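S.K.: Generate coordinates for the sequence data below:
(one chain, ligands or ions: 1)
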Amino acid sequence: MKTFCGRANPTTGAMEWLEEAEDYDYHQEIARSRYADMLHDKDRNVKYYQGIRAAVSRVKERGEQAIVLDIGTGTGLLSMMAASAGADFCYAVEVFRPMANAAVKIVEKNGFSDKIKVINKHSTEVTVGPDGDMECRANILVTELFDTELIGEGALPTYEHAHKHLVQEGCEAVPHRATVYVQLVESRRMWAWNKLFPVHVEAEDGEKIIVPPSEMENCPGVPSVCDIQLNQMPSSDFTALSDVVTMFSVDFSKPVQSASTSYRVQLEPVKSGKAQIVLSWWDIGMDPSGMINCSMAPYWVNPTSALQWRDHWMQCVYFLPREERVVQGEKVQLTACRDEYSVWYTLQKASQEEDAAAAAAESPVCRCQAHLLWNRARFGALNDQHRTRQYSEALRTVLNTDSVCLCISDGSLLPVLAHYLGAKQVQYFILIFKLFKANHLEDKIRIIEARPELLKPSHFEDKKVSVLVGEPFFSTSLLPWHNLYFWYARTAVSSHLTSNVTVLPQSASLHMMIVEFQDLWRIRSPCGICEGFDVQTMDDMIEDSLNFRESKEAEPHPLWEYPCRSLCEPQEVLTFDFRGPVPQQCLSSEGSVNLRSVEGKSHGAVLWMEYHLAADISISTGLMRISNEKGNCDWNRHCKQAVYFFSSVTESEALAAPAAVTYTINFDTKTGEIAMDFKL
Ligand code: SAH
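M.R.: This is a model prediction of the structure:
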């Protein structure tokens, strides 16, 4: 059997369906999964173990047999903990077949085959009875089905079903309870991920302002959660308007209802300001006493307690539908609505309570289109005034009053900048966006909804394009170099360009640097023994999937969330000259970089693109600067960078920094992909 995988082709920008071997999907799933990260989450593991031991003892003290149901067993870890704690029998349910197979092996290797039965089913398919999957209902319910938003992975319907069909009334549950916390904040930085701010352009005839359409102001946006490593958000980037309060909690030892509902709390602002954002996280109490607590609270909540780094659980940023002025001491109501899988928030002042609460019940739907076109990072980039200034300055150097300008980039403001900054003549752009109406530019900027290779002279009213611009940015790009699609599009439109066409950016370069990660290495590092249980089978399985065909390649990560130190000077490894078409032959680069003689482990290479807009104006989508002598790096906050983990991370502990690293990097002009190899 074959499966088909959708993927954007970086040479055409189009989605393509590639036929893949049957096991492709699950190799991807395992290679990119969070299992390794969970196994490295010491705080989580220790507290689960404590909670499970306590639950087994309570059942035993009542003189009952301890029968455990572990839903979503993964490696079998929590069932093995239960068996070690003295449980009489465990039913370990896992829906994902490769994981269920791994659990069987791991359970056997650790000598628990007689105590743990792995059931490869979704929990809602599990049967109970003499001929069923489970002989009887369980009296201990153990699960770890939570995501950053707590309920996004379907914990509620799973619990609801389990209480109805799989566990006894009054069962023990580990965790016993989850509690969701919120804090109301004002933050220009985070609000910039959700609304377009007016964009100021210094034009020859005075300042022009690109205004966001009015629909955008009140648009509730999209319901998908914005999960980030909030611990990387400096306190100077937001102002707390309220204390941290409990929004709602779920008791997992009692029947759980998954049907949509809402919760309301009263907040007394501790400061006056613009309420824009609700920051949220949760904790899980492993036992009824609440003494064994695993918390996702960010650094400012319990400044004295040590933070556990983890990537499988982070914190949530919720955007209020619109900003609302709050005054210190004047109470407001915060409503959390949820359906089975997601949560959203609204704020009501005393005067507008009833209407607003009714409106809140509906899951947010974007009305302005922008939230469908731009993701959070993209909003952030478009709101970056420094970035806008750099493009404006560069555009000013290439545009004149009779320029015929073509812009190739997704959801870009460049056409508007170009209009204000130069050519009074008609301009043509390929892009898909409707912000122009709000700025009365419908007849100044023409949208050509056609792929570059299908353009005809008539699209340009038989004129030739004298200025071709791009950020470049394409929403289908996963890795930094996928935006080289601009070069392919430039090649496809060659016949429509004047012989002395100006292309902006004129070129791009690929940069590379060897780094030591503070924590990110954990997601690829084998675990070996976890709380005394041998989980090497899982390590091997991940390793196997990483080695499966193309898995051993660079992966995108937003590095502002994942601190690292540079171990060498950044290297420019490849350049791409947009003034000419894409060449036939591949571009490649080989070399060796000397590592700084500092204490540090080489975890991998980071790669990013820089675009050269004009003689002395370049935009980096990666490194902004190395901020101190320790080598700590500042990264472009709007972009993901490519990370290539060295095998020293994936195989065992990273090597102490060697003196030099040699590299080979090859850009295949046929496929638009970059292959790389590093030797330490
Ligand atoms: N319990 C393990 C793994 C947790 S990851 C640990 O704590 O280390 C969650 C696992 O639950 C995933 O492997 C997922 O495939 C599985 N899962 C989620 N919902 C499920 C359900 N309703 N029934 C069976 N398996 C489920």
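S.K.: Next, the contact list for the closest residue to Ser224 other than its chain neighbours, please.
M.R.: Counting by CB to CB, 6 or more residues apart in numbering, Ser224 lies nearest to Ser342, which is 7.7 Å off, once chain neighbours are set aside. Just so you know, the C-beta spots here come from the backbone N, C-alpha and C atoms, and that holds for glycine as well. Applying CB atoms under 8 Å, 6 or more residues apart in numbering to Ser342 gives the contacts Glu149, Ile151, Gly152, Pro223, Ser224, Val225, Ser363.
S.K.: Can you pull the poorly scored residue ranges out of this structure?
M.R.: 1-5, 20-22, 351-360, 423-435, 438, 549-552, 598, 650-657 (pLDDT under 70).
S.K.: Please go through it and pick out the longest helix.
M.R.: Longest helix in the chain, counting residues (DSSP state H): helix 42-61.
S.K.: what's that one packed up against?
M.R.: The helices and strands touching helix 42-61, judged by 3 or more CB pairs under 8 Å, 6 or more residues apart in numbering; DSSP states H and E, are helix 77-84, strand 138-143, strand 167-174, strand 293-295.
S.K.: run the last query once more with 6 Å
M.R.: If contacts are counted by 3 or more CB pairs under 6 Å, 6 or more residues apart in numbering; DSSP states H and E, helix 42-61 sits against helix 77-84, strand 167-174.
S.K.: Outside of that helix itself, list whatever touches it.
M.R.: For helix 42-61, the surrounding residues in contact (CB atoms under 6 Å, 6 or more residues apart in numbering) are 66, 78, 81-82, 85-87, 139-140, 172, 174, 286-287, 292, 294, 308, 531.
S.K.: Tell me what angle that helix forms with strand 167-174.
M.R.: In terms of direction (axes from the mean of the first three to the mean of the last three CA atoms, to 10 degrees), helix 42-61 departs from strand 167-174 by 140 degrees.
S.K.: Is helix 42-61 positioned near the ligand?
M.R.: No - using CB under 6 Å from any ligand atom, helix 42-61 never reaches the ligand; the gap is at least 6.8 Å.
S.K.: Kindly format the C-alpha coordinates of that helix as PDB.
M.R.: The C-alpha trace of helix 42-61 is given here as PDB (Å, rounded to 0.1, in the frame of the first residue of the first chain):
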ATOM      1  CA  LYS A  42      12.100  14.500  34.700                       C
ATOM      2  CA  ASP A  43       9.700  16.700  36.600                       C
ATOM      3  CA  ARG A  44       6.700  15.100  34.800                       C
ATOM      4  CA  ASN A  45       8.000  11.500  35.200                       C
ATOM      5  CA  VAL A  46       8.900  11.900  38.900                       C
ATOM      6  CA  LYS A  47       5.500  13.300  39.700                       C
ATOM      7  CA  TYR A  48       3.500  10.800  37.800                       C
ATOM      8  CA  TYR A  49       5.500   8.100  39.600                       C
ATOM      9  CA  GLN A  50       4.700   9.600  43.000                       C
ATOM     10  CA  GLY A  51       1.000  10.000  42.100                       C
ATOM     11  CA  ILE A  52       0.700   6.500  40.800                       C
ATOM     12  CA  ARG A  53       2.400   5.000  43.900                       C
ATOM     13  CA  ALA A  54       0.000   7.000  46.100                       C
ATOM     14  CA  ALA A  55      -3.000   5.900  44.200                       C
ATOM     15  CA  VAL A  56      -2.000   2.200  44.300                       C
ATOM     16  CA  SER A  57      -1.400   2.500  48.100                       C
ATOM     17  CA  ARG A  58      -4.900   4.100  48.600                       C
ATOM     18  CA  VAL A  59      -6.600   1.200  46.700                       C
ATOM     19  CA  LYS A  60      -4.500  -1.400  48.500                       C
ATOM     20  CA  GLU A  61      -5.300   0.200  51.900                       C
END
